[in-house]
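Visitor: Please work out how this folds:
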Amino acid sequence: MSPYDMAQEGMSLNLGKQYAKLSDVYFGSADSTRVQRESVALAEQRGLSVAHLLMIEKHATKISRCGGAWKLRAELIAFKGSYEEVDVHGAQRVKEIEG
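Guide: As a prediction, this is how the structure comes out:
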């Protein structure tokens, strides 16, 4: 569905746009397709929520190195901890990677 279709179903347009972008990231073309495929499978296996994936994406988009965003996504998807713990770990890793 497009963000506008989601908005017609009652979702806010902003959230619809976030969901559509997340769908493109996880199911569209990627610079590291193997890592993408494995990350999607692990996220499904762990039953991560869309909110959890949106938080991970918030950190991954800050990585500028080619393939680095997918490496961070994979790390954060595999990280065992609460939503808040993953969020803190993600922020810390971005600082370590990007300086």
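Visitor: rest of the way, CA atoms for contacts and neighbours
Guide: Fine.
Visitor: so which strand or helix has V40?
Guide: Assigned by DSSP states H and E, V40 falls within helix 33-46.
Visitor: what mean pLDDT does that helix have?
Guide: For helix 33-46, the mean per-residue pLDDT is 95.
Visitor: so how far is it from its chain's centroid?
Guide: Here the centre of helix 33-46 is set off from its chain's centre by 11 Å, with Cα atoms, centre = their mean, to the nearest Å.
Visitor: Residues touching that helix, excluding its own?
Guide: Outside of helix 33-46, the residues within contact range by Cα atoms under 8 Å, 6 or more residues apart in numbering are 26, 30, 70-71, 73-74, 77-78.
Visitor: Apply 10 Å and report the result again.
Guide: Contact partners of helix 33-46, identified using Cα atoms under 10 Å, 6 or more residues apart in numbering, comprise 25-30, 47-50, 52-53, 67, 70-71, 73-78, 80.
Visitor: Quick check: the residue nearest to A74 when sequence neighbours are not counted vs S2, distance?
Guide: In this structure, A74 finds its nearest non-sequential neighbour in S39, 5.3 Å apart by Cα to Cα, 6 or more residues apart in numbering. Using Cα to Cα, to the nearest Å, we find S39 at a distance of 24 Å from S2.
Visitor: quick one: which of those two has more around it?
Guide: The neighbour comparison of S39 against S2 (other Cα atoms under 10 Å) goes to S39, with 21 against 13.
Visitor: tell me how far stretch 75-85 is from the chain's mean position?
Guide: Put simply, stretch 75-85 sits 12 Å off its chain's centre (Cα atoms, centre = their mean).
Visitor: Pull up the distance across it, start to finish.
Guide: This stretch, stretch 75-85, spans 13 Å end to end (Cα to Cα).
Visitor: Equivalent analysis for stretch 77-89, please.
Guide: End-to-end distance for stretch 77-89: 11 Å, by Cα to Cα.
Visitor: and the residue nearest the centre of the chain, what helix or strand is that in?
Guide: Centroid-nearest residue in the chain, with Cα atoms, centre = their mean: E57, separated by 3.3 Å. Take DSSP H and E as the rule and E57 turns out to sit in helix 50-60.
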